[in-house]
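**Student:** everything below, folded, please.
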Amino acid sequence: MKQNADYRPYWDPDLETQSRAEWETMKLELLKKHLSHAYANSP
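**Tutor:** The predicted structure follows:
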């Protein structure tokens with residue numbers, strides 16, 4: 001199989017190759033942000 005000159009194994013190398021601990025930290029921060037937004041903007 002011939003590979004394209006623009007071939008990249010990862011779309012976002014920093015995100016896709018981070019450790020499990022970094023991934024879980026990032027997901028927790030996103031969850032906190034989303035919950036805070038939902039709480040502040042709900043009737």
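
**Student:** got any ranges where the chain has weak pLDDT?
**Tutor:** By pLDDT under 70, the weakly predicted segments of the chain are 1-2.

**Student:** now do the strands in it.
**Tutor:** Taking DSSP state E, the chain contains no strands at all.

**Student:** most centrally placed residue in it?
**Tutor:** What sits nearest the mean C-alpha location of the chain, by C-alpha atoms, centre = their mean, is L15, with 5.8 Å.

**Student:** what's the longest helix along the chain packed up against?
**Tutor:** Identified as the longest helix of the chain according to DSSP state H is helix 20-40. On a contact count with 3 or more C-beta pairs under 8 Å, 6 or more residues apart in numbering; DSSP states H and E, helix 20-40 meets no helix or strand. C-beta coordinates here come from the backbone N, C-alpha and C atoms, glycine included.

**Student:** from memory T17 sits against Y10, does it?
**Tutor:** Yes - T17 lies in contact with Y10 (C-beta atoms under 8 Å); the separation is 6.6 Å.

**Student:** before we move on, the earlier item: restricting to C-alpha, output the longest helix of the chain in CSV.
**Tutor:** Below are the C-alpha coordinates for helix 20-40, written out as CSV (Å, rounded to 0.1, in the frame of the first residue of the first chain):
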residue,chain,number,x,y,z
ARG,A,20,-4.0,8.0,30.7
ALA,A,21,-3.4,10.3,33.7
GLU,A,22,-3.2,13.3,31.4
TRP,A,23,-6.4,12.2,29.6
GLU,A,24,-8.3,11.7,32.8
THR,A,25,-7.2,15.1,34.2
MET,A,26,-8.3,16.8,31.0
LYS,A,27,-11.7,15.0,31.0
LEU,A,28,-12.3,16.0,34.6
GLU,A,29,-11.5,19.6,33.9
LEU,A,30,-13.9,19.6,30.9
LEU,A,31,-16.6,18.0,33.1
LYS,A,32,-16.2,20.7,35.8
LYS,A,33,-16.4,23.4,33.1
HIS,A,34,-19.5,21.9,31.6
LEU,A,35,-21.2,21.4,34.9
SER,A,36,-20.4,24.9,36.0
HIS,A,37,-21.8,26.3,32.8
ALA,A,38,-25.0,24.2,33.1
TYR,A,39,-25.5,25.2,36.7
ALA,A,40,-25.0,28.9,36.0
